[in-house]
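Asks: I would like to see how this sequence folds:
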Amino acid sequence: ATAGALGILGSLDMNRGDPQLGWDTDQFPNNVPETALALYHVIQAGGLGSGGLNFDAKVRRQSIDAEDLFIGHIGGMDVCAQALLVAEKMINDGRLKAAVDKRYAGWDSAEGQDILNGKRSLADLADGVLAKNTDTAPVSGRQEALENLVNRFCNT
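Replies: Residues are numbered from 1 along each chain as shown. Reported below is the predicted structural model:
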């Protein structure tokens, strides 16, 4: 999403990793909802241009036969194909975009634009909050609702 917003989106490393490790373990993608979200952002950004999807394929751990690499590529491409169809559904539906737009609408305000354009410092913002002397309640990001929304697209 960030690369797309900055106009620097290129190829995608489609490898997955172990969430407990925090880094890429060169495994082929096998999670349609996660892949659909990535491809959703690619489509929203106008596509990859001359880039593509990269599988960092190599023989690994217990998968040591050439057939394993072949099967891994097939499965990875199947997941990407399914995810692309899901991403299209999410875009056509519009609910995910509407939720994100609502969540970040404050950045479109005059104050939000001043912050983005460097016209307001962190000290200015702190002074403003203290001057208002209000207790601002946090707003839910609706994480579970949005995850469930994405999952529903995968099951239709």
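
Asks: would you mind measuring from the closest residue in space to Gly112 that isn't next to it in sequence to Gln113?
Replies: Nearest in space to Gly112, with sequence neighbours left out and distances taken as Cβ to Cβ, 6 or more residues apart in numbering, is Gly106 at 5.0 Å. Yep, even glycine has a C-beta here, placed from its N, CA and C like the rest. Separation of Gly106 from Gln113 (Cβ to Cβ, to the nearest Å) stands at 10 Å.

Asks: so what sits against both of the two?
Replies: Applying Cβ atoms under 8 Å, 6 or more residues apart in numbering, one finds that no residue jointly contacts Gly106 and Gln113.

Asks: show me the longest helix that occurs in the chain.
Replies: Counting residues, the longest helix in the chain under DSSP state H turns out to be helix 66-93.

Asks: elements contacting it?
Replies: Packing partners of helix 66-93 (3 or more Cβ pairs under 8 Å, 6 or more residues apart in numbering; DSSP states H and E): helix 32-44, helix 143-154.

Asks: and that helix with helix 143-154, angle?
Replies: Relative orientation of helix 66-93 versus helix 143-154 (axes from the mean of the first three to the mean of the last three Cα atoms, to 10 degrees): 110 degrees.

Asks: which of the residues in helix 66-93 are buried?
Replies: For helix 66-93, burial by neighbour count (16 or more other Cβ atoms under 10 Å) applies to 68-69, 72, 76, 79-80, 82-84, 86-87, 89-90.

Asks: identify, from the residues you listed, the entry nearest to Asp101.
Replies: Of all these, Met90 has the smallest distance to Asp101: 13.8 Å, by Cβ to Cβ.

Asks: do I have it right that that closest one meets Phe153?
Replies: Yes. Met90 sits in contact with Phe153 when judged by Cβ atoms under 8 Å, with a separation of 5.4 Å.

Asks: tell me the buried residues in the strand ranked longest in the chain?
Replies: Longest among the strand segments of the chain by residue count, using DSSP state E, is strand 23-27. The neighbour-count check on strand 23-27 (16+ other Cβ under 10 Å) flags 26-27 as buried.

Asks: that strand - contacts with which helices or strands?
Replies: Right, strand 23-27 is packed against strand 16-18 by 3+ Cβ pairs under 8 Å, 6+ apart.
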